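Colleague: Build me a structure from this.
(chains A and B)
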Amino acid sequence: MQHLQIIAAQWVAPKIDYFALAPEIVVVVGLCAVLLLDLFIDQRKQWLLTIVSSFTLLAAMLPVLMLGLSETSVRSMFDGRYVVDDFSLVIKGLFLLAGYVVVLLSSSHVEQGEYWRGEYWFLLLTSLLGMLMMASSRDLVSIFVALEFLSIPAYMLAAWRKRDAKSNEAGVKYFLLGVFASAVMLYGMSLMYGVANSTLLVDIAKTLTTTGDFAAVHALAVVFVIVGFAFKVSAVPFHTWAPDTYEGAPTPVTAFLSVASKAAGFVALVVLIYTAFPASQDVWQPFIWVLSALTMTVGNVLALKQHNIVRMIAYSSISQGGFVLMPLAVAGMAGSENSALRSVVLYMIVYAATNLGVFAVILAVSAKTRSGEISSFGGLFSYAPSLGVLMTLFLASLAGIPPLGGWIAKFVAFQSLLQSQSNWGYALAIIGAVNSVVAFGYYGNVMREIWMRPPPDGDVTPIVAPGSLRLALTLTSALTLVFGILPSVGLRFADLAEIAGAITR
Amino acid sequence: MNMLQDNNWLLSVGTFLPLVGVVVLLLMPKAQDSAIKNVALLTSIATLIVGVYTAFKFDYGQAEKLQFVADVNWISVIKSSYLIGLDGISLPLYLLSMIITLLVVIYSLDHVPSPGKPKSFFALLLVLQTGMAGTFIAQDLILFFVFFELVLLPMFFLIGVWGGEQRQYASIKFFLYTMFGSALMLVAFLALFFKTGAESFSIPFLIENGAGIAKTTQIWIFAGMFVGFAVKVPMFPFHTWLPDAHTQAPTQGSVILAAILLKLGTYGFVRIALPTLPDAAREWAPYIGGLAVIGIIYGALGCLAQSDMKRLIAFSSVAHMGFVMLGISTLTSFGVNAAMFGMVAHGLITGMLFFIAGSVKERYHTLEIAKLGGMLTAMPRLGWIFGFCAMASLGLPGLAGFWGEFPAILSAYNPAEGLNESTFRVFMVIAALGTVLAAAYLLWMFQRVAFGTAKTTSSHSSHDDLHDVTTHEWIAWTPLLIGILVLGVLPNLLFSVLEPAVQITLKAFGG
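Modeller: I've put the predicted structure just below:
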């Protein structure tokens, strides 16, 4: 008892920079408001919750902007365990914007079923809060807490249509594999802590080496942690949950999982690789090389065979994940460090805009056709020309065709690979180039349905998309075009000198 | 390299003006057919006026220099800029693209192919025009790549939506082939960028510094570019998309494909691959020459085996582009001049032949050569125009085709320093044989289509709509016919513009 008192006396409350935490605080306030409002308002006034959720996200963007414009570039708290720097601000902005678009996508969808709207928004905001935390975490514990914070609501969201067997399957599969991945990762983290005697990433970086007595333990720890996040970003061979979960979950949730949740996994990977593992590149570089090559190839090949549009997009997003990983395979080589970071961030930004656009079109079309088959897009151009053109733009961007956003993202990734001037980089670039051509096979297939086939049942009544979907489509298509035609805009955000706290080699 | 920066707004206006038309088109209601056509027509006329004004302002005394150069910051992080300019090599092609687009638009005024939708049809044509013109003015590899790819999607939809029965297969095949080529090309561009010190993507800069790269590396980089450009040309054995794409494309698509799109590949060789990687070009030249003559013979034999008129013309493109590539492979200014001339001539002549094929299809409802016949008696004017173009295509002296083909063959007699003379002389003999075959298939086609008496087909009891050339057709075709004749009689009009620029481009090969 006395011992504890002494500790308590020594304990000094850490200084908390409330300005730096403002985005998270706004989201916390917002999600509490949603939870309470849901209890007290009438069933018919539930649309209020949609408004509150979307305004929460917009309001949280304000402090992000102000932090970005303020002169202090790095704000570090808790001995560097929670850091707000340019990298985390860009990522937070991305999460908030993606979250806002997901709210737009959800609003009409959520109102259709007789499910619990209040819980939906609450879970969505909670998961986003976890993502915001992930962007700033620089400590094994806070990374793990952030990961669970963003994952657990996502498991529930996937199973949100609880009377639908497929949605249940989606939730259970996602949950079981997600928990398994967490366990593997936690084991890796415990090994790391055991060797480094610290959970702070920077400290780990100092002790992790590939030589010495503990080399094998180090290697094992690094591999286990990466495997954990490989599940999160659905990298092959840890991707098996993704297609089933994506297909079964409500479509807006799928959009959320395939964009925001996936990006959170990449953010954690990037932070770990840059701040915790710089010295053990001999371990993770080959590992990520293999993951990346497998992910884009297998994802592509399986996407070619799909008949269901959401399943196809699921495999396509697996394959896109391979492209995000691509530059990380050379991130440890001289010259490629900065360009790899830039490439990952830019790819996530562009991919988020484009993929959310794809889902917006899918939602608008499936509201009419009530079908998930690719063939249900037949003749879309003849009765809903603007949706047809937008879908074409989004798919072309995913395929990496200039002058749409996707090309600059792919280009920067290739550039980073070649900049390493290593045979590993060249080989992966060739694999990526071939894959980007194969990918057009399935993207082109959807375009073919839209433009060249007749409507499947001859039903040519025009589609009237709800206002929120139209706003989402405008946002995403404008971003997709601007990133492609004026790449400097996207690169301005992606061109980060470094992640604060990272050890410079 | 000296650059002239006067009037540097001209090229941007000329290139992006069609996009303004596209925006206007998108804002118009779908039902207003005639208004849509007028907007498209006005846009393409305005574009051509800017183009003609550019040609007028062009300083022919300094055709070897890049003119109207604009250099604007674009993607500074990756060291790529919006660098555009025009010299003697790009000017003719830049203008040709504008002329062809205008003529295609005029032709389309009363020939929008099934299933209609004039709004999207004209919008795609105009986007295509921006991509083509942009490729010829880009002086930065990344900018070049963006424009080079910009033409893909519009052409994909032109073939896929407005094409023939097999259009879906043909359009996907076209797309996948070209995209495969350009993916490897992009990797090659990046390799070139890093091997020259990662300083700039500007083509003039890379021409100055590319020669310093080690020879083996150059050979690999050249390989990537070779695949990208050779698919587009198309060279044997990458040509298989072409007959399908041409046969299935609507008339307008075929005309643009033949007249401009194929030139993007050959232009890429002359503008980028040869001058930036001279050592590799010398190593590759015999192989390029070899594939070129294989293409000449293979294309000609392919023509002789065709029963479909449009497919025959498509195969003749493979043969003609073979002559162009043979000229380029000699690495002499004589050969490259011939190749450049051949590109323009082929654009005019084959574009014209595809126009005719389209009109034949419209009147006879078939392109089966066996079912045609007696065109000269039924429609004498169309028949004579067809004859004129067939003669031009087989290289009759006095018409444009001759000046692309004959000098290309001749240039192989004396290739650039360091190339094996006997190899190229063998190529010369084979290519000369190719001209004989060209005469054979073209005359044979003309004979079966134009001579004899009109046949009646079973599906259409009589050719009741066998009207002769219509007004729109006359307007669309006359400029091409005049061009074929004028360039045939006065080839120096074109050679004098090309020559200085070609000399500068090939200075690494000793002239």
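Colleague: In the chain, which helix is the longest?
Modeller: No chain was given, so I picked chain A. Assignment by DSSP state H gives helix A:336-369 as the longest helix of chain A.
Colleague: wrong one, chain B
Modeller: Chain B, longest helix under DSSP H: helix B:333-364.
Colleague: Against which helices or strands is it packed?
Modeller: Under the contact criterion of 3 or more C-beta pairs under 8 Å, 6 or more residues apart in numbering or on different chains; DSSP states H and E, helix B:333-364 touches helix B:90-108, helix B:251-256, helix B:262-268, helix B:309-329, helix B:380-393, helix B:400-411, helix B:471-489, helix B:492-505. In short, each C-beta sits where N, CA and C put it, glycine included.
Colleague: Quick check: buried residues in the last one?
Modeller: Neighbour counts using 16 or more other C-beta atoms under 10 Å in any protein chain shown place B:494-495, B:497-505 of helix B:492-505 among the buried residues.
Colleague: can you put those residues in CSV and add distance to B:Ile385 and pLDDT?
Modeller: Converted to CSV, these look like this (distance: C-beta to C-beta, whole Å; pLDDT from 0 to 100):
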residue, distance to B:Ile385, pLDDT
B:Leu494, 22, 90
B:Phe495, 26, 91
B:Val497, 28, 90
B:Leu498, 28, 90
B:Glu499, 32, 89
B:Pro500, 35, 89
B:Ala501, 33, 90
B:Val502, 32, 90
B:Gln503, 37, 88
B:Ile504, 39, 87
B:Thr505, 36, 87
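Colleague: For A:Val298, find the nearest of the helices and strands packed on helix B:333-364.
Modeller: Ranking the helices and strands packed on helix B:333-364 by proximity to A:Val298 (C-beta to C-beta) places helix B:262-268 first, at 33.1 Å.
Colleague: what packs against the closest one?
Modeller: For helix B:262-268, the contact count by 3+ C-beta pairs under 8 Å, 6+ apart identifies helix B:90-108, helix B:118-137, helix B:141-150, helix B:215-232, helix B:309-329, helix B:333-364 as packing neighbours.
Colleague: okay, those, which one's buried deepest?
Modeller: Of all these, helix B:309-329 has the most neighbours on average by mean count of other C-beta atoms under 10 Å in any protein chain shown, namely a mean of 28.
Colleague: thinking again about what came up before, can I get the helices and strands packed on helix B:262-268 in TSV including mean pLDDT?
Modeller: Shown next, in TSV, are the helices and strands packed on helix B:262-268 (pLDDT from 0 to 100):
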stretch	mean pLDDT
helix B:90-108	93
helix B:118-137	93
helix B:141-150	92
helix B:215-232	92
helix B:309-329	92
helix B:333-364	92
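Colleague: And the ones you listed: which comes nearest B:Ile78?
Modeller: Checking the helices and strands packed on helix B:262-268 against B:Ile78 by C-beta to C-beta gives helix B:141-150 as the closest, at 7.3 Å.
Colleague: shaky segments in chain B?
Modeller: Applying pLDDT under 70 to chain B flags residues B:1-2, B:455-465, B:511.
Colleague: Near chain A, which residues of it? Just list them.
Modeller: B:30, B:73-78, B:117, B:120, B:142, B:145-146, B:149-150, B:152-153, B:156-157, B:160-161, B:167-168, B:171-172, B:175-176, B:179-180, B:183-184, B:186-187, B:190-191, B:193-194, B:198 (C-beta under 8 Å from any C-beta of the partner chain).
Colleague: Repeat the analysis, applying 6 Å as the threshold.
Modeller: B:75, B:77, B:146, B:149, B:157, B:160-161, B:168, B:172, B:179-180, B:183-184, B:187, B:190-191, B:194 (C-beta under 6 Å from any C-beta of the partner chain).
Colleague: on that earlier part again, just name the closest of the buried residues of helix B:492-505 to chain A, please.
Modeller: Distance ranking of the buried residues of helix B:492-505 against chain A, using C-beta to the nearest C-beta, places B:Thr505 first at 25.6 Å.
Colleague: Return the distance of the longest helix of chain B from the chain's centre.
Modeller: Distance of helix B:333-364 from the chain centroid (C-alpha atoms, centre = their mean, to the nearest Å) equals 8 Å.
Colleague: Could you do stretch A:67-82 as well?
Modeller: Its chain's average C-alpha position is 23 Å from that of stretch A:67-82, according to C-alpha atoms, centre = their mean.
Colleague: And for stretch A:19-30?
Modeller: The answer for stretch A:19-30 is 20 Å, by C-alpha atoms, centre = their mean.
Colleague: what do you get for stretch A:355-365?
Modeller: In this view, stretch A:355-365 has its centroid 17 Å away from the chain centroid, taken as C-alpha atoms, centre = their mean.
Colleague: Can you give the contact residues for that stretch?
Modeller: A:101, A:105, A:251, A:255, A:259, A:309, A:387, A:390-391, A:394, A:463, A:465, A:469, A:472-473, A:476-477 (C-beta atoms under 6 Å, 6 or more residues apart in numbering or on different chains).
Colleague: related to what we said a few turns ago, quick one, which of the helices and strands packed on helix B:333-364 is nearest to A:Phe231?
Modeller: With C-beta to C-beta as the criterion, A:Phe231 lies closest to helix B:262-268 of those, at 44.1 Å.
Colleague: buried stuff in the closest one?
Modeller: Buried, per 16+ other C-beta under 10 Å, within helix B:262-268: B:262-268.
Colleague: B:Gly373: which of these is nearest?
Modeller: Among the buried residues of helix B:262-268, B:Leu262 lies closest to B:Gly373 (C-beta to C-beta), at 30.2 Å.
Colleague: any idea how far the nearest residue to B:Gly289 once chain neighbours are set aside lies from B:Phe495?
Modeller: Nearest residue to B:Gly289, sequence neighbours excluded (C-beta to C-beta, 6 or more residues apart in numbering or on different chains): B:Ser329, at 3.7 Å. Note on B:Ser329: its distance to B:Phe495, by C-beta to C-beta, to the nearest Å, is 20 Å.
Colleague: Please apply the same query to A:Ile6.
Modeller: In this view, A:Ile6 and B:Phe495 are 96 Å apart by C-beta to C-beta.
Colleague: and if you look at B:Ser44?
Modeller: Distance, B:Ser44 to B:Phe495, using C-beta to C-beta: 28 Å.
Colleague: Which helix or strand contains A:Val236?
Modeller: When elements are assigned from DSSP states H and E, A:Val236 belongs to no helix and no strand.
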